[in-house]
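> build me a model from this:
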Amino acid sequence: MELGEIRRHYRDILERKYPNTADGVFMRLNIIRALEGELKTEFIDTEDFCSKMDAYISSGGKRQRLSDGIRLKRARKKYGWAQERLADYLKCDRRTIIRWEKNFDRISKAAKIWLEKAESGELENELSGKNVTSDEKTG
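Got it, this is the predicted structure:
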């Protein structure tokens, strides 16, 4: 898909050019899935969709590395954690989580550790009570 076509689809969705009928919803869904394929990503919600599309279009069609804030939000949602739960776990305020997820501030060292555990699968083991050693992972 050419960048101009991607721009047009994105604009059409933002401007709600497709009606709220079954056909319109189906059309929007197909376009969003095609855009996900083109960007090689998955859109979590409207905010995620807009931020990724804006970054992709402004970069001239080059994929960019996701920010820590976006990665944190993705991981939090993947595990079904509310912002409050993550804030409690990291011993910070929910507003801090919001600021990180919107990339207003850099994430803390503790948040980076949590994110690395979440992305590597270690968090899942920790939450389920399994203590998997590095020998067990490789062996």
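> residues near Arg95, how many?
The number of residues packed near Arg95 is 10, by other C-beta atoms under 10 Å. Placement of C-beta: from N, CA and C, glycine included.
> which stretch of helix or strand covers it?
helix 94-101 (DSSP states H and E).
> okay, now the unreliable bits of the chain?
Within the chain, the ranges that satisfy pLDDT under 70 run 63-64, 130-139.
> what comes up buried for stretch 21-38?
Neighbour-count burial for stretch 21-38, counted by 16 or more other C-beta atoms under 10 Å, picks out Met27, Arg28, Ile31, Ile32, Leu35, Glu38.
> including secondary structure and distance to Glu2, could those residues go into JSON lines?
Formatted as JSON lines, these follow (DSSP: H, G, I helix; E, B strand; the rest coil; distance: C-beta to C-beta, whole Å):
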{"residue": "Met27", "secondary structure": "helix", "distance to Glu2": "19"}
{"residue": "Arg28", "secondary structure": "helix", "distance to Glu2": "20"}
{"residue": "Ile31", "secondary structure": "helix", "distance to Glu2": "14"}
{"residue": "Ile32", "secondary structure": "helix", "distance to Glu2": "18"}
{"residue": "Leu35", "secondary structure": "helix", "distance to Glu2": "13"}
{"residue": "Glu38", "secondary structure": "helix", "distance to Glu2": "10"}
